[in-house]
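Participant: This is the structure alone, sequence omitted:
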């Protein structure tokens, strides 16, 4: 069985802010094995543009750190499974954990006014800096 999994990425790791990412990793999985990973540039961001574009790619699942309710609803309307609260890791690591039922999901960090969102963003920024070094 084939799956196509989309993950918002920045600098080779998960971008915790779905609507603000510059690229998406599209990971193709056949019989529970990763067969291809592509990084694609999305269209200009507007409400609903990313879910429509991702659906047009034949994606079956989306793994993200945080995502707004409207985007989640648009994915669900297109029969695309959404998994939010993923840690900041490489797309391959996240997909392998997902396939092995070991992906640890926490809160959806899309509420930008909460203290937990600020802490999460700070952790992501620190992790991104370490990966650049």
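Facilitator: That came through fine. Remember, predicted model here, so these are calculated numbers, not experimental data.
Participant: where do the helices sit along the protein?
Facilitator: 49-56, 69-77, 91-99, 115-132 (DSSP state H).
Participant: Look up the pLDDT of residue 20 for me, please.
Facilitator: At residue 20 the predicted local confidence, pLDDT, stands at 85.
Participant: Check residue 17 too.
Facilitator: 82.
Participant: what about it, how many residues close to it?
Facilitator: Residue 17 has 20 neighbours, counted by other Cβ atoms under 10 Å. In this view, the C-beta of every residue, glycine as well, is placed from N, C-alpha and C.
Participant: Same check on residue 49?
Facilitator: 15.
Participant: what about this structure, any weak spots by pLDDT?
Facilitator: For the chain, applying pLDDT under 70 flags the ranges 109-133.
Participant: Now do the contacts for residue 76.
Facilitator: residue 82 (Cβ atoms under 8 Å, 6 or more residues apart in numbering).
Participant: Look up how far residue 82 lies from it.
Facilitator: 7 Å (Cβ to Cβ, to the nearest Å).
Participant: now swap in residue 48 and tell me
Facilitator: Taking Cβ to Cβ, one finds residue 48 at 14 Å from residue 82.
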